[in-house]
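Asker: Please work out how this folds:
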Amino acid sequence: MIQNTNTSFAAYWRAVANGTRKRMPDRLLVLLLIPFSLIYAVIQYTRAEFYRSGLFTTKRLPRPVISIGNITVGGTGKTPATAYIARFLMARGLNVAVLSRGYGGSLEGNVSIVSDGVTVLLEPEQCGDEPFLLARTNPGLMVVIGADRYEAGMLAIDQLSPDIFILDDGFQHLRLHRDLDILLLDYRCPYGNGWTLPAGLLREPETGIGRTDLVMYTRCPDTLRSSLTVPGKMVCYARHQLCAVRPFAEDVWLPFSALKGRTFLAFAGIAEPQYFFDGLRTLGLNVVAIISFPDHAAYTEFQIAEISSAMQTSGADSIITTEKDGVKLKHLSGSLSEKILIARLELALDDPAPLAAALLKLLQK
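Answerer: The predicted model follows:
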């Protein structure tokens, strides 16, 4: 097994912040950062209280808003959850618009329409990989980006006429009123090491959970032996399943059983790539090498060369990556592109009833 993982400080910090690394130097780093975490926690708690009390203004869109977010930094599977809820709503005849920040795109900060529900109007380099992926893989879904999600929503109202909004990564975007707040927590590591940034993964103190209407635990094990709960909150349990695969240049999806007999180099530039690699092995794929890139990797010539070199070194005959990574490889051509397979990840709920009940209750209003 050849393993080429990202060894940057960012990757090291994440391992410390989620409690994976606990050696003496790691603990010393946490101790050094705790004073800054306490200051950050006070600021975030005070900000939330100012919005709750009305000292800070919250704007309301003229359509219902469902917020999907997390309380930790990255890696809880917001994009599959957003797609799942969008499809649930569209199946009931609603025109759905996703409001996203557009993180990582050249238009980040600007209010722009990614998709009008018919045509995808921007490239991932412009709008960010996640908004583009949502627009491309969910026909009929409207997607608008903007740092100010109220302005993005009003643009959608004026030009797209949506019936309902999904606020992507919206748990801390308190300036916009939401009618249903859904909080995602990683089942295996809900709060990291328990500290707020920068000593831990928490974006705000755990008390922020009180704002949510429904908690969705993601990345649950196949067999739940003990179910985590949040007092006073509706809870559901989900896992992310690798459900299909396709050749890089084709739109024909195949079952993973069609890949028997191959050897694979797997790479990913996502927040928690190990989940992806483990999922491939669970499906029986012979993964002989892995490469972890930073989250939202742009895939420069240097990174493409690293993939090509690792393939030759490992002796793998095929390459596999995530759908999120695949949207940023559109410029790729030649023999390397012919060896790449794109894996689709979807959300599966153990019991969809709590989520369905919350959504239907909102629609009845």
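
Asker: Only C-alpha atoms from now on, for both contacts and neighbour counts.
Answerer: Noted.

Asker: Name the surrounding residues that touch stretch 252-268.
Answerer: Residues outside stretch 252-268 that contact it (CA atoms under 8 Å, 6 or more residues apart in numbering): 243-247, 276-277, 283, 285-293, 307, 310-311, 314-322, 325.

Asker: Model confidence score at Leu336, please.
Answerer: Looking at Leu336, its pLDDT stands at 88.

Asker: In terms of helices and strands, where is it?
Answerer: helix 335-338 (DSSP states H and E).

Asker: can you check Ala358 too?
Answerer: Applying DSSP H and E as the criterion places Ala358 in helix 353-364.

Asker: and that helix, what does it pack onto?
Answerer: Judged by 3 or more CA pairs under 8 Å, 6 or more residues apart in numbering; DSSP states H and E, the packing partners of helix 353-364 are strand 234-247.

Asker: Tell me the buried residues in the strand it packs on?
Answerer: Residues of strand 234-247 classed as buried by neighbour count (16 or more other CA atoms under 10 Å): 234-242, 244-247.

Asker: averaged over its residues, what pLDDT does it have?
Answerer: 94.

Asker: Just the C-alpha atoms of it, please, in CSV.
Answerer: Output of strand 234-247 as CSV, limited to C-alpha atoms (Å, rounded to 0.1, in the frame of the first residue of the first chain):
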residue,chain,number,x,y,z
MET,A,234,-35.7,15.8,16.9
VAL,A,235,-32.9,13.5,15.8
CYS,A,236,-32.3,11.3,12.7
TYR,A,237,-29.4,9.2,11.7
ALA,A,238,-27.8,9.1,8.2
ARG,A,239,-24.8,7.5,6.4
HIS,A,240,-23.1,8.5,3.2
GLN,A,241,-23.1,5.7,0.7
LEU,A,242,-21.0,5.3,-2.4
CYS,A,243,-23.8,4.3,-4.8
ALA,A,244,-22.4,4.4,-8.3
VAL,A,245,-19.4,5.1,-10.5
ARG,A,246,-18.8,6.4,-14.0
PRO,A,247,-15.9,7.0,-16.4
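
Asker: Tell me which strands whatever helix or strand comes next after it pairs with, and in which orientation.
Answerer: Next in sequence after strand 234-247, counting helices and strands by DSSP H and E, comes strand 263-268. Sheet pairing here is set by DSSP bridges, and for strand 263-268 it gives strand 286-292 (parallel), strand 318-322 (parallel).

Asker: other SSEs contacting the following helix or strand past strand 263-268?
Answerer: Moving toward the C-terminus from strand 263-268, the first helix or strand encountered (DSSP H and E) is helix 273-282. Helix 273-282 is packed against strand 234-247, strand 286-292, with contacts defined by 3+ CA pairs under 8 Å, 6+ apart.
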